[in-house]
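Participant: fold the following.
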Amino acid sequence: MSSRLLRRRSATAAWIYAAVACGILGRIVAARQLGLEEFGVFATALFAVGFFQILLDLTVEESLTKYGFRYVASQDWGRLRRLFRQALLIKIVGGVLATVLLVLIAPFADRIFDEAGVEQALLAAALLPLVQSSENVGATVLLLHSRYDLRGVYQAGSAALRLLAIFVAAPYGATETLVAIVIAQLVSTVAITFVGTVALRRFPAAPPRPLGEDVPGIRSFVVQSSIATGVISLRTTLVPLVLGIVTSRPFQMRSTSITQEARK
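Facilitator: Got it, this is the predicted structure:
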């Protein structure tokens, strides 16, 4: 038993490292293939998508894991299914809101960042939050079956698909690359949603029933998790966006003129 657990843990770590490596390699390939300006458009669109996705997405994964294990231990299959249905609904609503906001902001993106092509790039990537919304819910079911290794396989496979999308589409431009990434993410999400659904059905059948007295605890846990992960994650998306705005050409021209005046 301990040998099997060790193998699963080792495999999980290996797959996670593979996913990280694919992500890093994808950025390198994009930078080399797209060139400086196109990569700037590409990166700006991805950071904008990440910002609104984090801003409007509630972190339900931790509550799914905590209360999911509790319901599995108590064999409360009705509440387990209600918990996952509610979490899936919340994630989809957050994805829809993020996509709508990105579509509404896209027409002004070229002026905000003073860079041609950002509007098209944002529109191309706008579906990413919606397409990605259900993946963590599906992946969490695997945790309840203690199949951390399969979750790692999914993460590596998803990252590999994105890398393939970048490799194939990058020679054609930033917008095309983002479209390819959305398609790759759709394939990944459909796969993990299917696997998660099958895994959830492996638990004994029972009609969903209200969460009852657990609702306040779940709500509080979701809010706390969302705030904690949001503060940490927003640093990686908000700072690049702000830098992209303040380093636009008008700002650069003003800075240059101020420097020239100071030298005189």
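Participant: residue ranges with poor pLDDT in the stretch 151-264 of the chain?
Facilitator: Applying pLDDT under 70 to the stretch 151-264 of the chain flags the ranges 230-264.
Participant: ranges for the helices of it?
Facilitator: Ranges of helices in the stretch 151-264 of the chain, per DSSP state H, counting those that start in this stretch, are 174-201, 215-246, 249-263.
Participant: next, the buried residues of the first one.
Facilitator: Under the neighbour-count criterion of 16 or more other C-beta atoms under 10 Å, helix 174-201 has 174-182, 184-186, 188-189, 191-193, 195-196, 199-200 buried. C-beta here means a position set from N, CA and C on the backbone, and glycine is covered the same way.
Participant: how many neighbours does Val223 have?
Facilitator: Residues near Val223, counting by other C-beta atoms under 10 Å, number 13.
Participant: can you check Asp110 too?
Facilitator: As a measure of burial, Asp110 has 17 neighbours, counting by other C-beta under 10 Å.
Participant: so who does it touch?
Facilitator: 116-119 (C-beta atoms under 8 Å, 6 or more residues apart in numbering).
Participant: most neighbours out of those residues, which is it?
Facilitator: Taking other C-beta under 10 Å as the neighbour criterion, Val118 ranks highest of the contacts of Asp110 with 25 neighbours.
Participant: and that residue, how far from Arg4?
Facilitator: According to C-beta to C-beta, to the nearest Å, Val118 and Arg4 sit 50 Å apart.
Participant: confidence score at the closest residue to Gly196 other than its chain neighbours?
Facilitator: Excluding its sequence neighbours, the residue lying closest to Gly196 (C-beta to C-beta, 6 or more residues apart in numbering) is Gly138, at 2.8 Å. Listed pLDDT for Gly138 reads 87.
Participant: please, which helix or strand holds Gly138?
Facilitator: Taking DSSP states H and E as the criterion, Gly138 maps to helix 135-144.
Participant: which outside residues touch that helix?
Facilitator: Helix 135-144 is contacted from outside by 60-61, 64-65, 68-69, 72, 84, 87-88, 91, 148, 150-151, 154-155, 158, 188-189, 192-197, 199-200, using C-beta under 8 Å, 6+ apart.
Participant: got the buried residues for that helix?
Facilitator: Using 16+ other C-beta under 10 Å as the test for burial, helix 135-144 gives 135-144.
Participant: I'd say Phe39 and Val29 touch.
Facilitator: No - counting by C-beta atoms under 8 Å, Phe39 does not reach Val29; the two are 10.4 Å apart.
Participant: measure the nearest residue to Ser158 once chain neighbours are set aside to Leu101 for me?
Facilitator: Of all residues not flanking Ser158 in the chain, Ser188 sits nearest, at 3.9 Å (C-beta to C-beta, 6+ apart). Using C-beta to C-beta, one gets 23 Å for the distance from Ser188 to Leu101.
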